[in-house]
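In: pasting the sequence and the predicted model now:
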Amino acid sequence: MLDTPQRHVVFADSLDGAIEALARGASVMGGGTWMMRAERRGEPLPASVVLLDRIPALTEVMVTDRAVTLGAGLTHAAVASALKGLSGLEGVVAAASGSANPAIRHAATLGGNLATADFSAADLAPALLVQGAEVELATGGGSRRLPLEAFLADRPTHLAHAILTRIHVPREAAASAHARLPLRKAGDYPVAIVSLARLSGGGWRIAVGSVEPVARRWTALEAAIGDRPVSPDEGARLAAAHMDFDGRDGVEAEGWYRVTVLPALVKRALDALEGRP
Ligand SMILES: Cc1cc2nc3c(=O)[nH]c(=O)nc-3n(C[C@H](O)[C@H](O)[C@H](O)COP(=O)(O)OP(=O)(O)OC[C@H]3O[C@@H](n4cnc5c(N)ncnc54)[C@H](O)[C@@H]3O)c2cc1C
């Protein structure tokens with residue numbers, strides 16, 4: 001007789017139902033692309049999961065001149081197609097349409113990409129950091145919003161009794177770009193990521209993913225560039241001069257390598273911003 005553990009799956013059709021299941025000990029499952037590989041990482045699969053894909057509110061997209069709101073249940077492919085052609089959001093489109101491979105992009109969700117605490121190579125994290133995005137979390141007691149940066153810094157605490165429901169993106173960028181470096185082929189995790197946004201009100205936001213355990217803003221480089229335009233070559237020079245990353249060692253690359261490629265990725269992102277491939 002096979003000794004298979006009992007697993008419990010809740011197909012929630014409302015947010016309240018999902019929150020109830022969470023309170024009963026279920027783990028939230030988005031696209032399952034990370035969770036279903038738990039055993040390959042030597043982790044147990046959760047005994048009970050709640051699926052969110054029957055909750056219509058979690059796949060809504062709202063676009064105005066001032067902001068975009070994205071449901072956390074949207075897949076990477078859906079994010080790319082919803083935002084395509086919207087000025088200032090080019091970097092998010094590049095991140096969502098360039099991550100992983102087509103099959104994964106049609107399953108993995110925006111919420112899962114931001115919520116996975118031990119996944120450093122998430123493309124959407126730096127792409128949304130440079131947009132000044134906020135996340136919305138729902139609990140039994142109501143909803144609250146907090147800056148993406150604060151959320152990323154302590155996901156296990158923020159998600160202990162909460163579901164990530166929406167991502168709010170203010171439309172403050174005049175243009176944005178996303179440059180990633182997978183070592184071998186398109187489906188591999190990127191060893192380093194640089195996202196940047198030129199803000200309509202002046203100044204830049206620049207963020208780095210996959211180099212350290214958690215994506216973060218490169219404030220030293222933002223300050224060095226200031227309010228002025230910067231050429232791709234100058235951007236790369238300033239990046240090398242204001243390097244303050246402590247690269248993580250991992251199966252795809254060692255830490256020193258992830259840091260070393262950053263100036264080239266800054267140049268590549270600035271080239272993309274200027275419309276050069
Ligand atoms: C071979 C492969 C290559 C990949 N390459 C890349 C890549 O290059 N770049 C990239 O960005 N991604 C890549 N991914 C995808 C990555 O795994 C997912 O984007 C993401 O991290 C998980 O999304 P998911 O919806 O599948 O989450 P799941 O696997 O369903 O869940 C992951 C975690 O997030 C939690 N969670 C999910 N949704 C929510 C929510 N709404 N609220 C609270 N918690 C939630 C779950 O409880 C779980 O802890 C790749 C995946 C694979 C399999």
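Out: Sure thing, it's come through.
In: stretch 106-121 vs the ligand: in contact?
Out: Yes. Contact of stretch 106-121 with the ligand (Cβ under 6 Å from any ligand atom) involves 108-109, 111-113, 115-116, 119, 121. Placement of C-beta: from N, CA and C, glycine included.
In: quick one: end-to-end length of that stretch, please.
Out: This stretch, stretch 106-121, spans 18 Å end to end (Cα to Cα, to the nearest Å).
In: stretch 74-87 now?
Out: Terminal residues of stretch 74-87 are spaced 20 Å apart (Cα to Cα).
In: quick one, phi/psi of the residue in the stretch 1-150 of the chain positioned nearest to the ligand?
Out: As assessed by Cβ to the nearest ligand atom, the ligand sits closest to Gly112 within the stretch 1-150 of the chain, at 2.2 Å. According to degrees, to the nearest 10, the main-chain angles of Gly112 amount to phi -70, psi -40.
In: next, work out how far apart the closest residue to it other than its chain neighbours and Val230 are.
Out: In space, Gly112 comes closest to Gly30 once its chain neighbours are excluded; the distance is 3.4 Å by Cβ to Cβ, 6 or more residues apart in numbering. With distances defined as Cβ to Cβ, to the nearest Å, the gap from Gly30 to Val230 amounts to 37 Å.
In: tell me which of those two has more neighbours.
Out: In this comparison of Gly30 against Val230, neighbours counted by other Cβ atoms under 10 Å, the higher total goes to Gly30 at 27 against 20.
In: surely the more buried one and Gly111 touch.
Out: Yes. Applying Cβ atoms under 8 Å as the test, Gly30 and Gly111 come out as touching, 5.1 Å apart.
In: tell me, what's touching these two both at once?
Out: Overlap of the contact sets of Gly30 and Gly111 (by Cβ atoms under 8 Å, 6 or more residues apart in numbering) consists of 52, 72-73.
In: out of these, which is nearest to Gly140?
Out: Using Cβ to Cβ, the shortest approach to Gly140 within the shared contacts of Gly30 and Gly111 belongs to Leu52, at 16.1 Å.
In: number of residues surrounding the spatially closest residue to Phe11 that is not a sequence neighbour?
Out: Spatial nearest neighbour of Phe11, excluding adjacent residues (Cβ to Cβ, 6+ apart): Leu51 at 5.3 Å. A total of 20 residues lie near Leu51 under the criterion other Cβ under 10 Å.
In: same check, this time on Ala67
Out: Taking other Cβ under 10 Å as the criterion, the count of residues near Ala67 is 15.
In: quick one, strands of the chain?
Out: Secondary structure of the chain (DSSP state E): strands at 8-11, 27-29, 48-51, 61-63, 67-71, 134-139, 142-147, 163-170, 173-182, 190-199, 204-209, 216-217.
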